[in-house]
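In: what follows is a predicted structure for the sequence shown.
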Amino acid sequence: MNLSEQKDLNCYKTLLTTLGEYVDKFPATGVDKMLKNAIENGMKVLPKDEKALDILKCILMGGKNVPATVQDLLNLRFTDLVIECRPVYLSKSGKKEIAFWSKNGTISDKVLSLIDFSVEGKSYWCNAEGEKINLEKGE
């Protein structure tokens with residue numbers, strides 16, 4: 001197993017642990033369905049994109065308590081992330097803008113959209129119009 005796969009596995013284990021602890025403390029919130037899908041689909045729920053994984057690691061391994069981590073996972077938007085974690089791209093007009101995440105034709109700016117609990121379709125970074133974009137290096 002290479003280092004990248006090991007980091008992805010650690011992220012996946014942390015996701016399962018966090019969701020599991022949350023479900024134990026706060027049942028019947030809908031998070032139990034996410035946990036069930038994450039267990040059934042394995043590491044395939046995690047994005048293949050390196051920046052998307054970095055964002056999830058930033059949230060999951062940020063040192064907050066479980067309820068705060070789950071709330072961040074469910075509610076944070078890319079614009080709310082710390083500057084180092086934000087997905088930034090250079091627009092056609094030459095300005096740096098925050099990217100969106102496209103999954104199955106749906107465009108989102110929420111961190112939760114990075115996790116594909118149903119393991120369907122393709123996901124990629126895009127602009128507000130849904131056009132595929134490349135993120136800035138080092139962003």
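Out: Arrived safely.
In: who touches Ile55 in this structure?
Out: Ile55 sits next to Phe78, Leu81, Cys85, Pro87, Val111, Leu114 when contact means Cβ atoms under 8 Å, 6 or more residues apart in numbering. Quick note: C-beta positions are derived from backbone N, CA and C, even for glycine.
In: same deal with Tyr124?
Out: Asp49, Trp101, Ser102, Lys132.
In: nearest to Asp32 among those?
Out: Within those, proximity to Asp32 (Cβ to Cβ) peaks at Trp101, which comes in at 23.9 Å.
In: correct me, but the closest one touches Asn127?
Out: No - using Cβ atoms under 8 Å, Trp101 is not in contact with Asn127; the gap is 11.2 Å.
In: who has more neighbours out of these two?
Out: More crowded of Trp101 and Asn127, by other Cβ atoms under 10 Å: Trp101, with 23 against 17.
In: helix or strand: which one has the more buried one?
Out: For Trp101, the host element (DSSP states H and E) is strand 100-103.
In: next secondary structure after that strand?
Out: Remark: after strand 100-103, the chain's next helix or strand is strand 106-108, criterion DSSP H and E.
In: buried set for that following strand?
Out: Neighbour counts over strand 106-108 (16 or more other Cβ atoms under 10 Å) mark Ser108 as buried.
In: so who does the residue nearest in space to the middle of the chain touch?
Out: By Cα atoms, centre = their mean, the chain has its centre lying nearest to Leu114, at 3.4 Å. Residues in contact with Leu114, defined by Cβ under 8 Å, 6+ apart, are Pro47, Ala52, Ile55, Leu56, Trp101, Ser123.
In: gap between it and Lys51?
Out: 9 Å (Cβ to Cβ, to the nearest Å).
In: which residues does the lengthiest helix in the chain contact?
Out: Criterion DSSP state H: the longest helix present in the chain is helix 3-25. Contact with helix 3-25 is made by 1, 29, 31-32, 34-35, 38-39, 42-43, 45-46, 53, 56-57, 60-61, 66-67, 69-70, 73, 115, as judged by Cβ under 8 Å, 6+ apart.
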